[in-house]
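J.: build the 3D model from these lines:
(2 chains)
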Amino acid sequence: MIEIVGLRKSFEGRIVLDDISASFEKGKTNLIIGQSGSGKTVLIKSIVGLHQIDDGAILYDGRNFIGMNSLERKNIRKEIGMLFQGSALFDYMTVEENVRFPLDMFSNMSLSEKDERVNFCLKRVNLENANQRYPSEISGGMQKRVAIARAISLNPRYLICDEPNSGLDPRTSIVIDELIREITTEYDITTIVNTHDMNSVMGIGEKIIFLHEGVKHWEGTKDEIFDSDNEVLNDFVFASELFKKIRRVHSLAKC
Amino acid sequence: MSVFFHIGRYSLFVRQIFDKPEKHGIFARLFLRDVESLGLKSIGIVAIISVFMGAVITWQTSLNIFSPLIPRFTVGLVARDSIILEFSSTIVCLILAGRVGSNIASEIGTMRVTEQIDALDIMGINSVNYLVLPKVLACVFIFPFLVVMSMGIGLLGGWLAGLLTGLVPSDDFIYGIQYIFNPFYVVYSLIKSVIFAFIISTVSAYWGYFSSGGALEVGVASTKAVVVSSIQILLFNLLITQLLLT
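T.: I've put the predicted structure just below:
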């Protein structure tokens, strides 16, 4: 479980996140949603320590990340797998080398054990025949799958995903969402997904936190969204005609 | 941002570079890759520039000696000292600041804007040490070889120019390059090349590492890396010459 308590972050005096408290549960896909510029990415990057926060606490299973020294932080980071918006694959490495990289850096596995683990991870993300290709030679969806394979290669306890569906077509987005959910349940890890894709919200949102202008506006599950009277949330989630219709159908079904 | 801000941040950056590498095997692989991409791939440009500069120095010196009292071998002597003392260390390093500096800044800058550096940090890897140390050591290792090679090729270019134009007879030129030769000049040149290699690699990595935004900012970082490295090379050239030769 990851908990954040009273998190504040500002850039050059401009407050970007104000007093955010939330808990992200183990074995569930926890979603952070909000409009562009609402502070989602800053929150995600603060949670993993890429941004230094002004105030508050970040607890990884009770261990306060903020009070840790660099060695303790380093150890906790080995338990985190992260999926970046642009995949962040190392472009001078092949697919196989990208997935093998964390194993080379941090494990004492033999060569054959590493091979086995790399093949397992690539198979788990349904990507078996691209081992020797470079990131620039594969599609965006495949890159995301390689990034997931790399993120899970060291058996992480926490999986953090920053806009995993960004730049993907709806069909591939669903595949990636499903993959994230399956991995979360299968390995019983704490997953946080930062998204503004409503299909993801409806598909995998087991716990949702809604950010608006740097403040937590709402918290609940995907089913609770339909009954919410939070206007800002409703404006955001049901902005498209499709989702307005879905909401109407949902209301009718309840009646 | 002020110069003092950059000096402070650069100092902290350099301190981070010299951490102990996480895995020596991976470090060795990166070092060899950088020796090839930053050093061996620069051989062509260094060779071409050296041969032409050597030829021009010989030619210019020869054409500007009017007095019959000055012996012809002086051309060889002047070409030798110009090439060894300044051209092969300073000018070649300025050219390498362009080729190697922009390469380092754009590679690291691209990794920054595509979040590859964030990915390394998230894994608990010291990204500065992992990315920059192999490049710094590769440059410090390979630059002296390039400078020595440049000296040889420059002198060869000078000899060829003298021979082909008929301005300096071969025997006079060879006598000139051997005349009151001070081996310390080569040592001085090599010391400069090591210092310039360190400046080029760390300054360029610094600008690349702290770039942000997109492709445009990476281009700006790359330009700044070359400009700042070049200015520092000129400043340190003055300082080292003052310290070692006066």
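J.: just checking, what packs against the helix or strand B:L238 falls within?
T.: Taking DSSP states H and E as the definition, B:L238 sits inside helix B:215-245. With contacts defined as 3 or more C-beta pairs under 8 Å, 6 or more residues apart in numbering or on different chains; DSSP states H and E, the packing partners of helix B:215-245 are helix B:92-96, helix B:102-113, helix B:184-209. (Each C-beta comes from the backbone N, C-alpha and C, glycine too.)
J.: indicate which one of these is closest to A:D91.
T.: Closest to A:D91 of these is helix B:102-113 (C-beta to C-beta; 8.0 Å).
J.: for the closest one, give me every contacting residue.
T.: For helix B:102-113, contacts defined as C-beta atoms under 8 Å, 6 or more residues apart in numbering or on different chains pick out A:90, B:37-38, B:116-117, B:131-132, B:135, B:200-201, B:204-205, B:207-215, B:217-219, B:221-226.
J.: now list the buried members of these.
T.: Those of the contacts of helix B:102-113 that meet the buried threshold are A:90, B:37-38, B:116-117, B:131-132, B:135, B:200-201, B:204-205, B:207-209, B:211, B:218, B:221-222, B:224-226, by 16 or more other C-beta atoms under 10 Å in any protein chain shown.
J.: closest to the centroid, which residue in the chain?
T.: Since you didn't name a chain, this refers to chain A. A:C161 (2.0 Å; C-alpha atoms, centre = their mean).
J.: should've been chain B
T.: B:C93 (2.6 Å).
J.: what sits against it?
T.: Contacts for B:C93 (C-beta under 8 Å, 6+ apart) come out as B:F143, B:V147, B:K192, B:S193, B:F196, B:A197, B:I200, B:I233.
J.: state the mean pLDDT of stretch A:188-195.
T.: The average pLDDT for stretch A:188-195 rounds to 91.
J.: in that stretch, what counts as buried?
T.: By 16+ other C-beta under 10 Å, the buried positions in stretch A:188-195 come out as A:I189, A:T190, A:T191, A:I192, A:V193, A:N194, A:T195.
J.: interface residues of chain B facing chain A?
T.: Counting by C-beta under 8 Å from any C-beta of the partner chain, the residues of chain B close to chain A are B:22-23, B:25-26, B:111, B:114-116, B:118-119, B:121-125.
J.: the strand or helix carrying A:V16 pairs with which strands?
T.: In this structure, A:V16 sits in strand A:14-24 according to DSSP H and E. Each strand paired with strand A:14-24, and its direction, by DSSP bridges: strand A:2-11 (antiparallel).
J.: per-residue pLDDT, B:K20?
T.: 88.
J.: ok, it - contacts?
T.: B:N129.
J.: just B:L131 next, same as before
T.: By C-beta under 8 Å, 6+ apart, the contact set of B:L131 is B:I108, B:M111, B:I117, B:L120, B:A205, B:Y209.
J.: what about residue 232, how many neighbours?
T.: With no chain named, the answer covers chain A. Residues contacting A:V232 under the criterion other C-beta atoms under 10 Å in any protein chain shown number 16.
J.: sorry, should have said chain B
T.: Look at B:Q232: counted by other C-beta under 10 Å, it has 17 neighbours.
J.: against chain A, how distant is it?
T.: 28 Å (C-beta to the nearest C-beta, to the nearest Å).
J.: what sits against the closest residue to that residue other than its chain neighbours?
T.: Closest residue in space to B:Q232, ignoring its immediate chain neighbours: B:I199 at 5.0 Å, by C-beta to C-beta, 6 or more residues apart in numbering or on different chains. Listed by C-beta under 8 Å, 6+ apart, the contact set of B:I199 reads B:S229, B:Q232, B:I233, B:F236.
J.: likewise A:T29?
T.: By C-beta under 8 Å, 6+ apart, the residues touching A:T29 are A:I180, A:R181, A:T184, A:T191, A:V193, A:I204, A:G205, A:E206, A:K207.
J.: now do the helix or strand where the third one lies: distance to the chain's middle.
T.: This means A:T184. Here A:T184, judged by DSSP H and E, is contained in helix A:170-187. The chain centroid and the centroid of helix A:170-187 are separated by 11 Å under C-alpha atoms, centre = their mean, to the nearest Å.
J.: pull out the buried members of the residues of chain B next to chain A.
T.: The buried subset of the residues of chain B next to chain A (16+ other C-beta under 10 Å) comprises B:22, B:26, B:111, B:114-116, B:118-119, B:121-125.
J.: helices - which of those residues land there?
T.: B:I26, B:M111, B:Q116, B:D118, B:A119, B:D121, B:I122 (DSSP state H).
J.: stretch A:183-198: end-to-end distance?
T.: 21 Å (C-alpha to C-alpha, to the nearest Å).
J.: average pLDDT for the helix ranked longest in chain B?
T.: Ranked by residue count and defined by DSSP H, the top helix of chain B is helix B:127-165. Per-residue pLDDT over helix B:127-165 has a mean of 95.
J.: can you give me the angle that helix makes with helix B:102-113?
T.: With axes from the mean of the first three to the mean of the last three C-alpha atoms, to 10 degrees defining the directions, helix B:127-165 sits at 160 degrees from helix B:102-113.
J.: what packs against the helix or strand just after helix B:127-165?
T.: Going down the chain from helix B:127-165, the next helix or strand is helix B:170-178, by DSSP H and E. The elements that helix B:170-178 packs onto, with contact taken as 3+ C-beta pairs under 8 Å, 6+ apart, are helix B:73-81, helix B:127-165.
J.: what residues of helix B:170-178 count as buried?
T.: Residues B:D172, B:F173, B:I174, B:G176, B:I177 are the ones in helix B:170-178 that count as buried (16+ other C-beta under 10 Å).
J.: JSON lines for the residues you listed, including pLDDT?
T.: Converted to JSON lines, these look like this (pLDDT from 0 to 100):
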{"residue": "B:D172", "pLDDT": "92"}
{"residue": "B:F173", "pLDDT": "93"}
{"residue": "B:I174", "pLDDT": "94"}
{"residue": "B:G176", "pLDDT": "94"}
{"residue": "B:I177", "pLDDT": "92"}
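J.: which one of the residues you listed sits closest to B:I84?
T.: Using C-beta to C-beta, the buried residues of helix B:170-178 come closest to B:I84 at B:I177, 9.4 Å.
J.: where do the strands sit along the stretch 51-200 of chain A?
T.: Per DSSP state E, counting those that start in this stretch, the stretch 51-200 of chain A carries strands over the ranges A:55-60, A:63-64, A:80-83, A:158-162, A:190-195.
J.: nearest to A:R150, of those strands?
T.: Nearest to A:R150, of all those, is strand A:80-83, at 7.7 Å by C-beta to C-beta.
J.: and the closest one, how far from the chain's centre?
T.: The answer for strand A:80-83 is 8 Å, by C-alpha atoms, centre = their mean.
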